[in-house]
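Student: Could you look at this predicted model? Sequence included:
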Number of protein chains: 2
Amino acid sequence: MVNADKPGAGRSGRPRAGEERLSRQAILEAALRIVDDEGLEAMTMRRLAAALGVNPMSLYHHLPNKAAVFAGLAELVFAGMDNATAPDDDVDWRTELTRAAHAYRNALRAHPNLALQVLADTAAVSEVVVVTVEPFYRALDRAGLPPRQIFEAVNTLIDFIHGFTLGEASVRADTFELAPDLLERVSKLQPGQAPTLARIVGALGADGLHYEFDDGFETGLSVFVDGIATRFGL
Amino acid sequence: MVNADKPGAGRSGRPRAGEERLSRQAILEAALRIVDDEGLEAMTMRRLAAALGVNPMSLYHHLPNKAAVFAGLAELVFAGMDNATAPDDDVDWRTELTRAAHAYRNALRAHPNLALQVLADTAAVSEVVVVTVEPFYRALDRAGLPPRQIFEAVNTLIDFIHGFTLGEASVRADTFELAPDLLERVSKLQPGQAPTLARIVGALGADGLHYEFDDGFETGLSVFVDGIATRFGL
DNA sequence: AGCGAAATCGTACAGCGTATGGATGATTGG
DNA sequence: CCAATCATCCATACGCTGTACGATTTCGCT
C-alpha cells in the first residue's frame, strides 16, 4: 500500500511535518464538544476519534486511557473559571467570598453534562483545582481568620457548592416545578408517614411552588456566610 | 433436552412452584453485596446473574435494565436510614437537626462504593427519599421557621451533606493526610500563583496536617446551624 | 383438557476500551 | 549523506458489556 498523497488524508504512518492531526489539547477540545453537544455517554474513544478524523488507537499516543480524557476535561472546566477579577483590597470579605463562590459554581455550570463527572473526579484532580480555591482562602484570610478555621470554612463552603451543583446538574433546568415532582410524591405517602413534610409542602402550595436554582444558591450561600461569621466571630 | 430433575438446578423454562430463584428483592440484595464487596464496576448483569446462579437474561423479568438495578440500590440505601429515633418533643431544634443530618450521612456512608451512584441518581429517586427528609422538616418546623424558609434551609443542608459525602466517598478513608495530597500540590505551584493558599497551608503545616472527616462534618454542620440561627433570628 | 401468562435459558449482536504490531515519515548522530 | 531511532498513525483482534429475540417449561385458570 503506497502513497495516495492527498495532503491530510487517512494515510497510515507518521504524518508529514505540519500535518499532525492530534495533540492532547485538540483531543480534549473535541471531547469537550462531544460531551457538551451529545452528553457524557456519547463520549467514546471511537466517537472521539471519528470527530477528529482519526483512528481510535491514535488517541492513545497522547492520552493513556479514557479516564485520562475525563481528567483532562475536568482540568479544562476549572481552567475556565473566571478568576480574572483582580484581587481588590477594598471590598469586604463577604463580597469577596461570595464572588469566589459564584465563579466556582459558574465554572461547573458551564458544561452541565460534565459536572457530575468532574465532581466525582475532583479529589483526584491536578494542580488546577488547587489554584481554584485561592480566592476563598484570600477572602477569609483578609477577614482575619486563623489558618485552621480558614481551612475548615473553605471546605464547608466548597462542599455546599459541590452538593448544590450536583442537584442542579441532575435536574438539568434553571427552574424546577415542585408541583409535579415533590408535591406529587408527598401526596402518595400514607397519611402518618411524613406529617411535617406534608404540612409544609401543603403550605408552600399556597404561594408559588416555583423553585429557581439561582435563588436557592444565593440563599444557601448566605446561610453559610452568616454561619462562618457567627461561628468564628467575624 | 429433557428433565435432569435436580430440584433447583439450571433447568430451562419456568421453575416449579416454590422453586423461584429470583425476585426483585433477592436481585437487589445480591447486587448490593457485589457493590459492597467488589465495587461499582464489578456489578455487571452477568456477574449479578452468576451470583444468583441464574442466566443473565432472567434478571430482565424482574428489572427492566441495569439502571433500574442501581435505582433499586439507591432505595435500599435510603431505606436503611436510621429513622428509629422516636420524635422527641423535648430536645431543641439544633439537636434534632444535627441528629437528622448524621443519620442521613451515615446512610450514605454505609455503602461507600455506592455513594457516588446514589448521589448522581438522587433527583430521580422514588418516594423513599421523600420520607427521608421528614426529620429535617420537623426540626425546623419546631424551631418556628415559616414554610418557605424551612424548604430553603433543608435544601441547603442536604446539598452540603451531599457535597461532603461526595468528597468523602472519593477519598475513601476516615482520615486524610494533607501533607502528601494538598501540601505537595501547593508546593508545585509557581510562587505568585496562589500566595494566600500557600501561606495558609504552610501555617497549617506547623500544627498537624491531619484531617478527620468526622470533624469536618461536625464543623460544617455547626456552621450551617449557626447560619440558620443567625439568618432567621433563632 | 386446554390456554395464556410467567419465569427461565440459549443464542446472538452491536458496541465498548484497549493490547499488539506494523507502516511511514521526522529527527538525530556519525 | 546515510543509518538508526523515534514519534505518529492505522489495522486487526480480544474479551467484555448490555440487552433484543425467541424457545422452553411450568403455573394458574377456565
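Tutor: Now that the structure is in, tell me what you want to look at.

Student: gap between whichever residue of chain A sits closest to DNA strand C and A:Leu157?
Tutor: Per Cβ to the nearest atom of the strand, A:Gly13 is where chain A lies closest to DNA strand C, at 2.0 Å. In short, each C-beta sits where N, CA and C put it, glycine included. For A:Gly13, the distance to A:Leu157 equals 53 Å [Cβ to Cβ, to the nearest Å].

Student: more crowded one of the two?
Tutor: Between A:Gly13 and A:Leu157, counted using other Cβ atoms under 10 Å in any protein chain shown, the more crowded position is A:Leu157 (28 against 7).

Student: Need the nearest residue in space to the more buried one, chain neighbours excluded.
Tutor: Of all residues not flanking A:Leu157 in the chain, A:Phe224 sits nearest, at 5.4 Å (Cβ to Cβ, 6 or more residues apart in numbering or on different chains).

Student: Can you pull out the low-pLDDT segments for chain A?
Tutor: Scanning chain A for pLDDT under 70 picks out A:1-10, A:83-86, A:123-126, A:172-173, A:177-182, A:206-208.

Student: now the helix or strand hosting the residue nearest to A:Leu157 against helix B:213-232, angle please.
Tutor: In the assignment (DSSP states H and E), A:Phe224 maps to helix A:213-231. Relative orientation of helix A:213-231 versus helix B:213-232 (axes from the mean of the first three to the mean of the last three Cα atoms, to 10 degrees): 100 degrees.

Student: Which residue ranges of chain A form helices?
Tutor: Assigned by DSSP state H, the helices in chain A fall at A:24-38, A:45-51, A:66-79, A:93-109, A:112-121, A:127-132, A:134-142, A:147-171, A:178, A:184-187, A:195-206, A:213-231.

Student: Reformat the ones you listed as TSV; add distance to DNA strand D.
Tutor: Shown next, in TSV, are the helices of chain A (distance: least, Cβ to the nearest atom of the strand, whole Å):
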stretch	distance to DNA strand D
helix A:24-38	9
helix A:45-51	7
helix A:66-79	12
helix A:93-109	28
helix A:112-121	18
helix A:127-132	23
helix A:134-142	33
helix A:147-171	19
helix A:178	30
helix A:184-187	25
helix A:195-206	33
helix A:213-231	30
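
Student: so who does the closest residue to A:Ala42 other than its chain neighbours touch?
Tutor: Once flanking residues are discounted, A:Ala42 sits nearest to A:Ile34: 5.7 Å by Cβ to Cβ, 6+ apart. Contacts for A:Ile34 (Cβ atoms under 8 Å, 6 or more residues apart in numbering or on different chains) come out as A:Ala42, A:Met43, A:Arg47, A:Leu48, A:Ala51.

Student: The last one: how many residues sit nearby?
Tutor: Looking back up the chat, that one is A:Ala51. Using other Cβ under 10 Å, A:Ala51 has 16 neighbouring residues.

Student: Buried residues, stretch A:38-52. List them.
Tutor: Using 16 or more other Cβ atoms under 10 Å in any protein chain shown as the test for burial, stretch A:38-52 gives A:Met43, A:Met45, A:Arg47, A:Leu48, A:Ala49, A:Ala51, A:Leu52.

Student: distance between the helix holding A:Phe224 and the chain's centre?
Tutor: Using Cα atoms, centre = their mean, to the nearest Å, the distance from the centre of helix A:213-231 to the centre of the chain it belongs to is 19 Å.

Student: which residues sit against it?
Tutor: A:94, A:97-98, A:101, A:105, A:140, A:153, A:156-157, A:160, A:164, A:168, A:171, A:174-176, A:234, B:152-153, B:155-156, B:159-160, B:222-231.

Student: buried residues in stretch A:91-110?
Tutor: Within stretch A:91-110, the residues scored as buried using 16+ other Cβ under 10 Å are A:93-94, A:96-105, A:107-109.

Student: ignore the last one, stretch A:73-87
Tutor: Buried residues in stretch A:73-87, counted by 16+ other Cβ under 10 Å: A:Leu73, A:Ala74, A:Glu75, A:Leu76, A:Val77, A:Phe78, A:Met81, A:Asn83.

Student: Just the C-alpha atoms of that stretch, please, in PDB.
Tutor: Extracted C-alpha coordinates of stretch A:73-87, given in PDB (Å, rounded to 0.1, in the frame of the first residue of the first chain):
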ATOM      1  CA  LEU A  73     -11.800  17.700  30.700                       C
ATOM      2  CA  ALA A  74     -12.000  18.400  34.500                       C
ATOM      3  CA  GLU A  75      -8.900  20.500  34.200                       C
ATOM      4  CA  LEU A  76     -10.400  22.400  31.300                       C
ATOM      5  CA  VAL A  77     -13.500  23.100  33.400                       C
ATOM      6  CA  PHE A  78     -11.500  24.600  36.300                       C
ATOM      7  CA  ALA A  79      -9.200  26.400  34.000                       C
ATOM      8  CA  GLY A  80     -12.200  28.100  32.500                       C
ATOM      9  CA  MET A  81     -13.000  29.600  35.900                       C
ATOM     10  CA  ASP A  82     -13.300  33.300  36.000                       C
ATOM     11  CA  ASN A  83     -10.500  34.400  38.200                       C
ATOM     12  CA  ALA A  84     -10.000  37.500  36.100                       C
ATOM     13  CA  THR A  85     -11.400  39.800  38.800                       C
ATOM     14  CA  ALA A  86      -8.300  41.500  40.100                       C
ATOM     15  CA  PRO A  87      -7.900  41.000  43.900                       C
END
